[in-house]
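Novice: Here's a sequence, model it:
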Amino acid sequence: QVQLVESGGGLVQAGGSLRLSCAASGRTFTNYGMGWFRQAPGGEREFVASITRSGSSTYYGDSVKGRFTISRDNNKNTVTLQMNSLKPGDTAVYYCAAKETRIGAMWDISQYKYWGQGTQVTVSS
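Specialist: Predicted coordinates:
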């Protein structure tokens, strides 16, 4: 299995930026599609962004399109979420996740088997 550790969360004012990182260890990193999900207090965990094994394709949730960018470095076994123009509505715990199967949609939370512990992002107005 793969172990995932997120970092980079924190408190930022609306309009600011944060960069989240997820470090993977264990099995071969390129065996996994990678995704970011978030969960606000009292809410369900929702899809934010994902990237295929090679990094050739990326996908974004409607609420973050044009503001967030996902990328991966297969040499360093990391996946990054660059978050710009942050809004109070982006406040949530952000989770990194790994998808082992090649089938299923990259935005389908049920396809992700391995999860990090999460990192808190708080955007103040």
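Novice: Now the most centrally placed residue in the chain: which helix or strand?
Specialist: When the chain is reduced to its mean C-alpha position, the nearest residue by Cα atoms, centre = their mean turns out to be Trp36, at 1.9 Å. Assigned by DSSP states H and E, Trp36 belongs to strand 33-39.
Novice: Give the pairing partners of that strand; include direction for each.
Specialist: Sheet pairing of strand 33-39 (DSSP bridges) gives strand 46-51 (antiparallel), strand 92-99 (antiparallel).
Novice: Quick one: closest of those strands to Val12.
Specialist: Using Cβ to Cβ as the criterion, the shortest distance between Val12 and these is 12.6 Å, found for strand 92-99. For glycine as for every other residue, the C-beta is placed from the backbone atoms N, C-alpha and C.
Novice: quick one on the thing from earlier: same list (the strands paired with strand 33-39) but as JSON lines, adding mean neighbour count, mean pLDDT and distance to Thr69.
Specialist: Below are the strands paired with strand 33-39 laid out as JSON lines (neighbours: other Cβ atoms under 10 Å; pLDDT from 0 to 100; distance: least, Cβ to Cβ, whole Å):
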{"stretch": "strand 46-51", "mean neighbour count": "22", "mean pLDDT": "98", "distance to Thr69": "8"}
{"stretch": "strand 92-99", "mean neighbour count": "23", "mean pLDDT": "98", "distance to Thr69": "14"}
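Novice: sorry, back to before: which residues outside the strand holding Trp36 are in contact with it?
Specialist: Residues external to strand 33-39 that are found in contact with it (Cβ atoms under 8 Å, 6 or more residues apart in numbering): 20, 22, 24, 45-53, 70, 72, 79, 81, 90, 92-99, 106-107, 109, 112, 118, 121.
Novice: That one - what's its average pLDDT?
Specialist: The predicted model assigns strand 33-39 a mean pLDDT of 98.
Novice: Please identify the buried residues of it?
Specialist: 33-38 (16 or more other Cβ atoms under 10 Å).
Novice: Closest to Leu4 out of those?
Specialist: For the buried residues of strand 33-39, with Leu4 as the reference and Cβ to Cβ as the criterion, the closest is Met34, at 8.7 Å.
Novice: Nice, that's everything, thank you.
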